[in-house]
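A.B. asks: after the sequence you'll find the predicted model.
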Amino acid sequence: MQSGMTFIVADDHPLFRGAIRAALSSSSPDARILEAGDFESATRLVLDNPEADLVILDLNMPGSSGLSGLITLRATQPSMPVVVISATDDGMTIRRALDLGASGYVSKSSGLDEIRDAIRVVMAGGISTPKNMSLTPESDPEIADLISRIQSLTPQQKRVLGMLAQGLLNKQIAYALSVSEATIKAHVSAILQKLDVDSRTQAVIRLSKLKSDTAA
């Protein structure tokens, strides 16, 4: 890997962050490694460090659960690749993560060499998945439809959807994104139309269906 790279490691387990840091440091000794133990901190790091080369994201951490966090972070900095790391390593979850924008997926049972290899592949512009893992085609028509509809959202609409999932009000979302409340209302209306739902609550319920199969 190139020298002077910046990585963001988002995981709520300090020991596991330490393992990831060791893997990164051994491959890129002068790397700048930023750490977050909750989703809010991870989002802030992504916003404050747009030059970062890679995010390594735990699927489940305080402030986020399942694939909704991935959707939000990818929308926050669409050009910044994200590698998901999770204890859930079934083919279906991996397929969904890739469909929602992940550039790689690493099982928490992986050794340091596997983690390093996955990061190298992604940094070279490739897609990395666990070895000997066949990606399962989406078997749930409802989830396939939902993912397709989420893919049709603009990055800003995906960020708003993620904030709706966190229970934020339009006023709070507008403040966080530095836009008017009227702009957020327009985004919410577009989101409801694209997701084919009638209310914010229904939108959040649909999004929550992506969480059901993921574990910490």
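C.D. replies: Noted; the coordinates are in hand.

A.B. asks: lowest confidence element among the helices and strands of the protein?
C.D. replies: For the chain, counting by mean pLDDT, DSSP states H and E, strand 64-65 ranks last in confidence among helices and strands (a mean of 72).

A.B. asks: flag every buried residue along stretch 193-200.
C.D. replies: Using 16 or more other C-beta atoms under 10 Å as the test for burial, stretch 193-200 gives 194-195, 197, 200. For glycine as for every other residue, the C-beta is placed from the backbone atoms N, C-alpha and C.

A.B. asks: and stretch 59-75, by the same measure?
C.D. replies: Applying 16+ other C-beta under 10 Å to stretch 59-75 flags 59-61, 63-75 as buried.

A.B. asks: stretch 71-91 too?
C.D. replies: Buried, per 16+ other C-beta under 10 Å, within stretch 71-91: 71-77, 80-86, 88-89.

A.B. asks: tell me the phi and psi of residue 59?
C.D. replies: With angles defined as degrees, to the nearest 10, residue 59 sits at phi -70, psi -30.

A.B. asks: which strand residues bridge the closest residue to it other than its chain neighbours?
C.D. replies: The spatially closest residue to residue 59, leaving aside those adjacent along the chain, is residue 86, at 4.2 Å (C-beta to C-beta, 6 or more residues apart in numbering). Beta-bridge pairing for residue 86 (DSSP bridges): residue 107.

A.B. asks: numbering from 12 from now on, please.
C.D. replies: Yep, numbering from 12; the last one is residue 97 now.

A.B. asks: surely residue 97 touches residue 71?
C.D. replies: Yes - between residue 97 and residue 71 a contact is recorded at 7.3 Å, counting by C-beta atoms under 8 Å.

A.B. asks: before we move on, the earlier item: the buried residues of stretch 82-102 in strands, which ones?
C.D. replies: The strands, defined by DSSP state E, take in 93-97 from the buried residues of stretch 82-102.

A.B. asks: got a list of what the closest residue in space to residue 23 that isn't next to it in sequence touches?
C.D. replies: Distances taken as C-beta to C-beta, 6+ apart put residue 72 closest to residue 23, at 4.2 Å, once the chain neighbours are dropped. Each residue near residue 72 by C-beta atoms under 8 Å, 6 or more residues apart in numbering is listed here: 21-23, 48-50, 53, 80.

A.B. asks: narrow the residues you listed to those in strands?
C.D. replies: Using DSSP E, these in strands are residue 21.

A.B. asks: neighbour-wise, give me the winner out of the contacts of residue 72.
C.D. replies: Among the contacts of residue 72, residue 53 has the most neighbours (other C-beta atoms under 10 Å), with 29 neighbours.
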